[in-house]
Structures are given as C-alpha cells and as structure tokens.
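Visitor: sequence first, predicted model second:
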Amino acid sequence: MLRDIERYLTCPHCALGLVLDAAGRTLRCPGGHAFDVAKQGYVSLLPGDAHTGTGDTAEMVAARADFLAAGHYAPIAGALAAAAAEAAPDGGDGLVVDLGAGTGYYLAAVLDALPGAVGAALDLSKFALRRAAKAHPRAGAVVCDAWRPLPLATGSAQLLLNVFAPRDGAEIHRVLRPGGQLLLVTPTTRHLGELVGALGLLAVDEEKDRRVAEKLSPHLEPLGGQQVEFALRLDHRDAAAVVGMGPNAWHTDRAALAAALGALPEPVTVTGSVRVAAYRRRD
Ligand SMILES: C[S@@+](CC[C@H](N)C(=O)[O-])C[C@H]1O[C@@H](n2cnc3c(N)ncnc32)[C@H](O)[C@@H]1O
Ligand SMILES: [Zn+2]
C-alpha cells in the first residue's frame, strides 16, 4: 500500500515530502502540488513534461505477468531473495526500491524474505504498476522515470533492486542510505540463447557487463555476485510471451516470429542465464 511508503515519497516538482490524505486518495506536498492515487492503487509522480514512451505496453505487461506466474523465472526470484536476505540479515528495517519493477514479481519475493521491510515499485508503465500495486501487502507503486530524479527522499532506501531495467548510478547513489546496496540482475550472453538464434532476436552484447560496471563504478562499489543458470521448458505460447514481454517486442515482425516459432520443437528447452550482482553505495 502507498501508506507504507508515504514517508519516503517526494514531490517531482519541488522535492518536498508528500503526505497522503486520510482517505488515501491524494498525495500533497507543502508547496501545494497534489497527486491523485489511481483507483488501481498506484500514483503517478511524473513531472508534467515527462514522456512514457519506453514504458511497457499493456500487451507486454500481460505477456510478462503470464510468463512469470508460470514460474519460469522462479530461480531468478529465489537468487534475488537470497541476496537480499544476505544484504539485510536482520530481516530489513526500511525501504526496498525496485527500479523498473514491472509487475512487482521480484519485489514481492524480496519482501517475503525481508519481513521488516516495505517496498516501492517504480516504473514508467502504468499497466505494469496496476499489477505491482497489488503484488505485495507491504508494497506501493509509483509511476516515474528512471532517467529523471526519482521521487524518493535522499538516503531513503536500504536496498535497491534493478532487474532487466534501466538504471542511473547517480540517482541510485542518492536514494540509497549509507551502506545501502543495489542488487542488479542482468542477462548474460547465454540468456535465451536458443531463441536468439532460432527467432533472430536481439542478442545480449558481450561488452554489456563491463559497460554496466563502468557506469556504476563512480557511485557504487561491486561486492560480488553469482551467475544463475537454469533450463526453461517452454511451449510455443511461453516462447512467444518471452519475446513479447522484452525489448524484442519493439523490434520483431509478428508474422515472421509466428513462422519461426512454429518451426521450433514443442516444448523447446531454452537456457536462462543471468548475473545477480551486489553493489554497495560509495560514501
Ligand atoms: C524488461 S522489463 C523488466 C520488468 C521487471 N523488472 C521484471 O523483470 O519483471 C523493463 C521495465 O522497465 C520499465 N521502464 C522502461 N523505461 C523506463 C524508464 N525510463 N523508467 C522507469 N521504468 C522504465 C518498463 O516499463 C518495464 O516494466
Ligand atoms: Zn511540490
């Protein structure tokens, strides 16, 4: 619920703290700016001139929700929850932010592992946040842009999750409290490799890990990480969903994709391969 994270939220116009009214319908700052809570429970804290162009569409979100609900990425959620429990061995006492949270699937797994924490699902897609608002009783959902100042108080987050989503190191540094950690999940070059070849999808670039680490390095210190690999057994519907829910949704011709999918065995065995890495906020 937004009430759980109200004390951490800030106004996108003037950066003052926001207060939720008694009915839970409107957030207001002392400067007179007001933000209505949508009936599905999320709130938009985008500045007026913001674009929502890179946020997931309703179709992409539906594909992602189905795919995740089937448990295909449960090994990633498990690894992330274990990393969170290691980062906060006392069960958490503050805010966990999921930046680019999508449907809130990973945030919910982490909050289950940290009974003392509350969660903020941040995303640019209202379609994703309609679901994230209901993903966990201790989570609230906020529309915002990862490339703009986040509507969160400086030093407010104990932990920040970033799973297959955009990130800005300087803003992550600002919202993390001293000693706070970023848990980052990125695909390795082996991720969905069988589908990349057969369906002509975008491949993960070999240099990605190095580039990500380089960009974060002025703000965050790497603590280590692990590669998580698992086998996915996908029917054609699942394979279509995994394409439709990711960046390929923007680039793939549907007819060509359907033809290529039809030529795959069913079920098709596909490699899931990600890196789960922890970083500590630099002082
Ligand atoms: C590949 S999805 C990952 C979602 C979720 N972390 C998961 O793995 O299920 C990327 C997410 O980033 C969001 N997104 C894209 N551009 C964004 C931006 N500029 N700011 C915040 N979120 C953004 C999309 O709406 C989408 O939910
Ligand atoms: Zn304001």
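Guide: Okay, I see it. Ligands and ions are numbered 1, 2, ... in the order given.
Visitor: contacts only, for Asp90.
Guide: Gly116 (C-beta atoms under 8 Å, 6 or more residues apart in numbering). For glycine as for every other residue, the C-beta is placed from the backbone atoms N, C-alpha and C.
Visitor: correction: Gly169
Guide: By C-beta under 8 Å, 6+ apart, Gly169 lies in contact with 215-220.
Visitor: buried ones among those residues?
Guide: 216, 219-220 (16 or more other C-beta atoms under 10 Å).
Visitor: tell me the SS of the residue nearest the centre of the chain?
Guide: The geometric centre of the chain, computed from its C-alpha atoms, lies nearest to Ala101 (C-alpha atoms, centre = their mean), at 2.6 Å. Three-state call for Ala101 (DSSP: H, G, I helix; E, B strand; the rest coil): coil.
Visitor: filter the contacts of Gly169 down to just the ones in strands.
Guide: Leu220 (DSSP state E).
Visitor: with distance to Ser125 as extra columns, can I get the contacts of Gly169 in TSV?
Guide: Output for these, formatted as TSV (distance: C-beta to C-beta, whole Å):
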residue	distance to Ser125
Lys215	23
Leu216	24
Ser217	29
Pro218	29
His219	25
Leu220	25
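Visitor: turn the contacts of Gly169 into JSON lines, including pLDDT.
Guide: JSON lines is the format used below for the contacts of Gly169 (pLDDT from 0 to 100):
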{"residue": "Lys215", "pLDDT": "95"}
{"residue": "Leu216", "pLDDT": "97"}
{"residue": "Ser217", "pLDDT": "96"}
{"residue": "Pro218", "pLDDT": "97"}
{"residue": "His219", "pLDDT": "98"}
{"residue": "Leu220", "pLDDT": "98"}
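Visitor: what helices or strands is the lowest-mean-pLDDT helix or strand in the chain leaning on?
Guide: One helix or strand of the chain scores below all others by mean pLDDT, DSSP states H and E: helix 254-262, with a mean of 85. The contact analysis (3 or more C-beta pairs under 8 Å, 6 or more residues apart in numbering; DSSP states H and E) places helix 254-262 against helix 193-199, helix 236-244.
Visitor: buried ones in the shortest one?
Guide: Yep, that's helix 193-199 we're talking about. Result for helix 193-199 [16+ other C-beta under 10 Å]: buried residues 193-196, 198-199.
Visitor: with distance to ligand 1 and pLDDT added, can I get the residues you listed in JSON lines?
Guide: As requested, these are exported to JSON lines (distance: C-beta to the nearest ligand atom, whole Å; pLDDT from 0 to 100):
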{"residue": "Gly193", "distance to ligand 1": "18", "pLDDT": "92"}
{"residue": "Glu194", "distance to ligand 1": "19", "pLDDT": "93"}
{"residue": "Leu195", "distance to ligand 1": "15", "pLDDT": "91"}
{"residue": "Val196", "distance to ligand 1": "15", "pLDDT": "88"}
{"residue": "Ala198", "distance to ligand 1": "21", "pLDDT": "88"}
{"residue": "Leu199", "distance to ligand 1": "17", "pLDDT": "86"}
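Visitor: nearest to ligand 1: which residue in the protein?
Guide: Gly102 (2.7 Å; C-beta to the nearest ligand atom).
Visitor: hang on, that residue packs against Arg64?
Guide: Yes - Gly102 is in contact with Arg64 according to C-beta atoms under 8 Å; the separation is 5.9 Å.
Visitor: what do those two both touch?
Guide: 56, 128.
Visitor: and the nearest residue to the residue of the chain closest to ligand 1 once chain neighbours are set aside, which of the three is it?
Guide: Residue nearest to Gly102 in three dimensions, not counting chain neighbours: Ala128, with 4.8 Å by C-beta to C-beta, 6 or more residues apart in numbering. At Ala128 the chain is in helix, as set by three-state DSSP.
Visitor: Ala128 against Thr52, yeah?
Guide: No - using C-beta under 8 Å, Ala128 is not in contact with Thr52; the gap is 11.0 Å.
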